[in-house]
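K.L.:
have a look at this prediction, sequence included:
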Amino acid sequence: MKLIRGLQNLTTYAGSVVTIGNFDGVHIGHQKIISQLVKKSKELGLPSVLISFSPTPQRFFSHEQASLSSFKEKHHLLDKLGLDTHLIIRFNQAFSQLEAQIFAQEILLNKLNMKYCLIGDDFRFGKKRKGGFESLQNLSKDQDFTVEQTPSILCNNHRISSSEIRKLLANANIQSASKMLGREFSITGKIIHGLKNGRSIGFPTINIPIKRKISPVYGIFAVTIDLDGATYQGVCSVGNRPIIGDKKTLLEVFLFDFNQQVYGLEAKIIFKHKIRDERNFNDFKALKQQIELDVQNAKDYLTN
């Protein structure tokens, strides 16, 4: 899949099929849209183009929310779905003021020469979110393209959406969130050096930076870890480590029966079960006692 960063790097297409959105988490609703787009791409013999935005419009307008996937994770998930091109548009002040009709004409039609557009039933675009399925449908009457929208998909009588998955994860309903994602929820990143406080109390951890401003999960979890071609079990903490006064969100994992140097390697942390919320402790002795309980709880869950 070709990655195009910014409209300045976009060349004129002879024709394309297009979908547009944030696609955070690439859940099964997104997968349905992309599958249909790829099918149409093959039918028409035209390249498929997925358009997303950086930062997201929500973040740009200071409506910050947790991200289900980092950019790297999202791009990797999209790459496995058969798309030809991922176009990332820089969402800035100038772009936020672009009228919906101008966006459609100048980018979708003039640059991408769009012949087919597929969007979700909640998609809005353009200044003040005035554009949507109806405006594209009206434009298609005078232009050489067709537009379709996909209906919502339900899971356990709930509409599948990134916002619903965030709620489920925040409420520790990991299994339901995973059903909507179409895979187990995970966070991937490279292992970095930490402060090594865990080592001093007998629980050395691997440390992974959270590549998002707000994590979708916080607390202590039973997890499995895919690392260097093998899978391990462990207990994971996602939070700010209040005992040392840290304010930066960090993911730390204590791996069971593990003693290897793995700095710089990429690890995939797969969340299985939430054990408890993060909380402060008076000293490292109290923290160690709690970690011992957490480890036992994680082992009990993972072996059942």
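P.N.:
Cool, got the structure.
K.L.:
name the SS class of Leu293, please.
P.N.:
helix (DSSP: H, G, I helix; E, B strand; the rest coil).
K.L.:
renumber starting at 214 from here on
P.N.:
Sure, I'll start counting at 214 from here, so that last one is Leu506.
K.L.:
neighbours around it, how many?
P.N.:
Each residue near Leu506 was counted by other C-beta atoms under 10 Å, and the total is 13. Where you see a C-beta, it was placed from the backbone N, CA and C, and this is true even at glycine.
K.L.:
run through the residues that contact Ile320.
P.N.:
Contact partners of Ile320, counting by C-beta atoms under 8 Å, 6 or more residues apart in numbering, are Leu220, Leu223, Ile302.
K.L.:
how much space between the second one and Ile217?
P.N.:
The gap separating Leu223 from Ile217 is 6 Å, by C-beta to C-beta, to the nearest Å.
K.L.:
what sits in contact with each of these two?
P.N.:
Shared contacts of Leu223 and Ile217, counting by C-beta under 8 Å, 6+ apart, come down to Leu300.
K.L.:
which residues in the stretch 364-513 of the chain form strands?
P.N.:
367-368, 371-372, 399-403, 419-422, 432-440, 443-452, 463-468, 479-489 (DSSP state E, counting those that start in this stretch).
K.L.:
out of those, which is closest to Val360?
P.N.:
The closest of the strands of the stretch 364-513 of the chain to Val360 is strand 371-372. By C-beta to C-beta, the value is 21.5 Å.
K.L.:
for that closest one, give the mean pLDDT please.
P.N.:
In this model, strand 371-372 has an average pLDDT of 89.
K.L.:
note down every partner strand of that strand and its orientation.
P.N.:
strand 367-368 (antiparallel) (DSSP bridges).
K.L.:
about what we covered before: between the strands of the stretch 364-513 of the chain, which one is closest to Lys285.
P.N.:
The nearest among those, by C-beta to C-beta, is strand 399-403 at 7.4 Å.
K.L.:
just the buried positions in stretch 260-267, please.
P.N.:
Judged by neighbour count (16 or more other C-beta atoms under 10 Å), stretch 260-267 contains these buried residues: Pro260, Ser261, Val262, Leu263, Ile264, Ser265, Phe266.
K.L.:
which residues does Val451 contact?
P.N.:
Taking C-beta under 8 Å, 6+ apart, one finds Ile423, Ser428, Val430, Tyr431, Gly432, Phe434, Thr462, Leu463, Leu464, Glu465, Glu491 in contact with Val451.
K.L.:
which one among the residues you listed gets closest to Leu515?
P.N.:
Phe434 (10.8 Å).
K.L.:
if we can go back for a sec, quick check: of the contacts of Val451, which lies closest to Gln509?
P.N.:
Looking across the contacts of Val451 and measuring by C-beta to C-beta, the closest to Gln509 is Phe434, at 14.3 Å.
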